[in-house]
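In: structure of the sequence below:
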Amino acid sequence: MRSSGRRTPTSADLAAALLPAGDRTELLRACLPGARGSVPSLAALRAPDVRRAALLPSLLHASRSRGEEVDPEVLSVLRAARTHEELRTAAITDAIRETLERLREPALVVGGVAAAATAYEEWPLRHCHDLDLLVTERPGEEVHGSGFPVVRHTALYPRGGTRRGPSGALDAVWARAVEVEVAGFPARTLAPADAFAHVLGRAAWGVTTLRWALDAWWIARAPALDWDVVARHAEAARCAAPVAVMARWLAEELGAEMPEAALGRLDEAARESDPRDAARVLRGPPRPWTLRRVAVGARAIARGAPLRPRPRGAPWGRAS
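Out: Prediction:
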């Protein structure tokens, strides 16, 4: 539950607002190979947030790694979800490769496709509903001929992120980018440290599902991950305190591979951060109707239409 209070948020405030509840932590644990946990009931798997996060293939993969005996009815559902993701992966691979082949500009593959291609053991473990690209111009959404969405971003965060951080922060992210193969085609993506910070930063700003915890867990397994870069990225994204809280939870609750020195570096960045940044995170992203009102007002100004002031005491909701 996010807060709109004015006092300086504590680590406990951030944990209460950003971290999954106890039953969801157990569920996420069960999605990770080698972690303690067990596949939940069929009713639990039908919860809306679980369905949105597309966790079932990960549950099947992890249960097999543990040698766990799964209820036959639940096992059938898990297998069906895995088969669906395998078929979907085969269907979207061509769209991803063709999109990358047609690019005639600098671009980094980010988001779910990047995680599936570089961090997870198998691509079907990570559902991908679109291809996210970090570009330098023309942000917006396109659609491949197959119907697969392609989203172009010129910033890593929808608000308060590196675009508003210290000068050159986003340039440094581009400079650290690494060469990878995505859908059988050479591409570039975020360095593992930037990818880890990006996953936690987006989760802190409220732009994700439960899937963020699994993405971060898998990315943390990258060899020689530069934790100082993680801290600097979080500072530039104005979410150092939330990232420190989330990273420690990943290590302590999900067993993510993070040395204590790394967690200490993130804690240091959190202590030195502006408390107002954490408060902005707790207030959450802008409400959609607020953005619509701003857009309507901008169009009215462009047309030269006079803007009437809001009557005193009138609500900010939809006009009657």
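
In: distance from the helix or strand that contains H61 to the middle of the chain?
Out: Element membership of H61, judged by DSSP states H and E, is helix 56-66. Its chain's C-alpha centre and that of helix 56-66 lie 22 Å apart, by C-alpha atoms, centre = their mean, to the nearest Å.

In: quick one: buried residues of it?
Out: Judged by neighbour count (16 or more other C-beta atoms under 10 Å), helix 56-66 contains these buried residues: L56, P57, S58, L59, L60, H61, A62, S63, R66. The C-beta positions use only the backbone N, C-alpha and C, and glycine is treated the same way.

In: check whether the second one really touches P124, as I assumed.
Out: Yes - when contacts are counted by C-beta atoms under 8 Å, P57 is listed as touching P124 (5.4 Å).

In: which neighbours do those two share?
Out: When contacts are counted by C-beta atoms under 8 Å, 6 or more residues apart in numbering, P57 and P124 are jointly contacted by R82, E85.

In: re the thing from before, elements contacting the helix holding H61?
Out: When contacts are defined as 3 or more C-beta pairs under 8 Å, 6 or more residues apart in numbering; DSSP states H and E, helix 56-66 sits against helix 22-30, helix 72-102.

In: looking at the ones you listed, spot the one closest to L45.
Out: Each of those has some distance to L45 by C-beta to C-beta; the shortest is helix 72-102, at 6.7 Å.

In: contact partners of the next helix or strand after that closest one?
Out: For helix 72-102, the following helix or strand on the C-terminal side (DSSP H and E) is strand 108-110. Identification of contacts with strand 108-110 by C-beta under 8 Å, 6+ apart yields 100, 114, 117, 131-134, 153, 156, 174, 177, 180, 182, 187-190, 195, 198.

In: the closest residue to A247 other than its chain neighbours and W249: what is the separation?
Out: Nearest-residue entry for A247: L266, 5.3 Å, with adjacent residues in sequence omitted and distances by C-beta to C-beta, 6 or more residues apart in numbering. Distance of L266 to W249, given as C-beta to C-beta, to the nearest Å: 12 Å.

In: now the strands for the stretch 101-250 of the chain?
Out: 108-110, 131-134, 140-143, 149-153, 178-182, 185-189 (DSSP state E, counting those that start in this stretch).

In: turn these into JSON lines, including distance to V243, mean pLDDT and mean neighbour count.
Out: Converted to JSON lines, the strands of the stretch 101-250 of the chain look like this (distance: least, C-beta to C-beta, whole Å; pLDDT from 0 to 100; neighbours: other C-beta atoms under 10 Å):
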{"stretch": "strand 108-110", "distance to V243": "17", "mean pLDDT": "98", "mean neighbour count": "24"}
{"stretch": "strand 131-134", "distance to V243": "19", "mean pLDDT": "97", "mean neighbour count": "24"}
{"stretch": "strand 140-143", "distance to V243": "27", "mean pLDDT": "94", "mean neighbour count": "11"}
{"stretch": "strand 149-153", "distance to V243": "19", "mean pLDDT": "96", "mean neighbour count": "16"}
{"stretch": "strand 178-182", "distance to V243": "21", "mean pLDDT": "97", "mean neighbour count": "14"}
{"stretch": "strand 185-189", "distance to V243": "20", "mean pLDDT": "97", "mean neighbour count": "18"}
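
In: give me the most central residue, this structure.
Out: V199 (4.1 Å; C-alpha atoms, centre = their mean).

In: if I read this right, that one contacts W212, doesn't it?
Out: Yes - using C-beta under 8 Å, V199 is in contact with W212, at 5.4 Å.

In: what is the nearest of the buried residues of helix 56-66 to D228?
Out: Nearest member of the buried residues of helix 56-66 to D228, counting by C-beta to C-beta, is S58, at 29.9 Å.

In: give the contact list for the closest one.
Out: C31, L32, L125, L214.

In: figure out how far the helix or strand containing R276 is from the centre of its chain.
Out: Per DSSP H and E, R276 falls inside helix 275-283. Averaging C-alpha coordinates over helix 275-283 and over its chain gives two centres that are 18 Å apart (C-alpha atoms, centre = their mean).
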